[in-house]
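[1] Fold the following and give me the result.
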Amino acid sequence: EVLERLLSEHVASLSMAHVINLDEVVQDGVRVRASAGAASFRRKKTLHKELRKAQRRVAQLKQELDDDPDASNRRIRAAVERAAQEREARVKAALDKLAEIEAERERRSKTNAKQVAKQKEPRASTTDPQARIMKMADGGFRPAYNCQLGTVANGQIVVAIEATTTGSDRGLLRPMMMQIEQRYNRRPRRYLVDGGFNK
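    Numbers count the residues shown, from 1 in each chain. As a prediction, the model looks like this:
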């Protein structure tokens with residue numbers, strides 16, 4: 001909330017001082033590498049297995065903590081237990097994200113059945129469940145986010161930003177335009193995007 005407020009106030013101040021003009025806005029997407037490692041992506045079966053393992057480890061550590069009267073080691077065990085609980089939460093988040101991906105594929109299969117049939121079984125990361133494998137500018141595939149930037153054409157000041165997990169820019173023009181309109185109570189007169197935004 002603080003960052004959102006600061007962005008709005010910053011742009012409003014620049015606009016009031018006539019440093020920037022919101023009449024012309026340019027939007028483009030840039031893929032930003034996620035902190036997830038490529039090896040952290042797991043399929044549904046493996047994620048369920050990891051979840052059961054994490055739950056067993058949490059239960060085992062809780063039992064050890066309750067049974068052991070040694071107070072000096074309690075802090076260490078508590079930290080280990082906390083790490084195991086965090087792992088369990090991350091695996092659960094990955095399973096939730098996997099369910100979203102599967103629902104999206106199901107929806108897309110109605111219009112692009114051949115394309116969906118060619119895709120491999122979906123995977124989600126246990127370290128960064130929101131990240132998706134995307135084709136990067138160098139041609140390689142890595143976990144990433146598609147960051148959409150809306151900037152004023154003259155001055156290159158960012159006026160709106162949105163991180164998405166969609167590998168393509170298709171369909172991302174309208175949400176950014178609505179964000180700008182909501183944030184600044186006006187629409188740009190000219191809105192410049194490349195051909196990748198057509199839908």
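
[2] Next, give phi and psi for the residue minimising distance to the centre of the chain.
    The residue lying closest to the centre of the chain (C-alpha atoms, centre = their mean) is Q130, at 4.2 Å. Dihedral angles of Q130 (phi, psi; degrees, to the nearest 10) stand at phi -70, psi -30.

[3] Now the least confident helix or strand in the chain by mean pLDDT: buried residues?
    Within the chain, no helix or strand scores below helix 113-118, which has a mean of 74 by mean pLDDT, DSSP states H and E. If you call a residue buried by 16 or more other C-beta atoms under 10 Å, then helix 113-118 has no buried ones at all. Any C-beta I mention is one placed from the backbone N, CA and C, and that applies to glycine too.

[4] swap in stretch 11-23?
    V11, L14, S15, I20, L22.

[5] residue ranges of the strands in this structure, please?
    24-33, 41-42, 124-125, 132-135, 141-152, 158-164, 190-192 (DSSP state E).

[6] Please identify the most buried of these.
    strand 124-125 (a mean of 26; mean count of other C-beta atoms under 10 Å).

[7] re earlier: on contacts alone, who are the packing partners of the least confident helix or strand of the chain?
    Judged by 3 or more C-beta pairs under 8 Å, 6 or more residues apart in numbering; DSSP states H and E, helix 113-118 is in contact with helix 71-109.
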